[in-house]
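1. Pasting the sequence and the predicted coordinates here, then a few questions.
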Amino acid sequence: MLPATLPEDVLRDRLAATDAAVLMKLGRHFPKARAVIEDLGLTGRAVLVQHASLPDQQVCPLAEAPAAVPYFSMILIPGKDAHV
């Protein structure tokens with residue numbers, strides 16, 4: 001689990017060093033997090049979750065996500081070998 005509030009270089013290093021991750025606290029940090037994920041070639045595995053466990057929950061592939069998301073959104077990046 002990583003907070004999207006981390007500096008871009010730290011976020012990039014930590015994502016590059018792991019197979020699976022959860023990024024939380026997106027909000028205004030979403031463009032940075034999305035760019036890092038794209039740069040690392042992880043977009044195809046990444047899923048955006050907004051309003052988790054609430055009646056208005058939304059889940060979509062990161063590639064189809066809107067430009068802005070709420071602070072309490074998260075990105076899930078399953079491991080390469082995960083069966084989802």
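-> In hand now; what should we look at? All values reported here derive from a predicted model rather than from experimental measurement.
2. how about the strands of the protein, start to end?
-> Secondary structure of the chain (DSSP state E): strands located at 2-3, 21-24, 47-50, 58-61, 74-77.
3. closest one to Gly41 among those?
-> strand 74-77 (11.1 Å; C-beta to C-beta). C-beta here means a position set from N, CA and C on the backbone, and glycine is covered the same way.
4. Roughly how far does Thr18 sit from Ile77?
-> Distance, Thr18 to Ile77, using C-beta to C-beta, to the nearest Å: 9 Å.
5. For Val84, give me the pLDDT.
-> The predicted local distance difference test score for Val84 is 65.
6. hmm, back to that, between Thr18 and Ile77, which is the more surrounded one?
-> Of the pair Thr18 and Ile77, Ile77 is the one with more neighbours under other C-beta atoms under 10 Å, namely 23 against 10.
7. which regions of the protein sit below the pLDDT cut-off?
-> Low-confidence regions of the chain, defined here as pLDDT under 70, cover residues 84.
8. So which residue is dead centre in it?
-> Residue closest to the mean C-alpha point of the chain, counted by C-alpha atoms, centre = their mean, is Ile75 at 2.6 Å.
9. Which strand residues bridge the residue nearest to that residue when sequence neighbours are not counted?
-> The spatial neighbour of Ile75 that comes closest, neighbours along the chain excluded (C-beta to C-beta, 6 or more residues apart in numbering), is Leu23 at 4.3 Å. With DSSP bridges applied, Leu23 shows beta-bridge pairing to Leu2, Ile75.
10. With Pro7 as the reference, measure out to Leu23.
-> Taking C-beta to C-beta as the measure, Leu23 and Pro7 are separated by 14 Å.
11. what do you get for Pro70?
-> The separation that Pro70 has from Pro7, given C-beta to C-beta, amounts to 22 Å.
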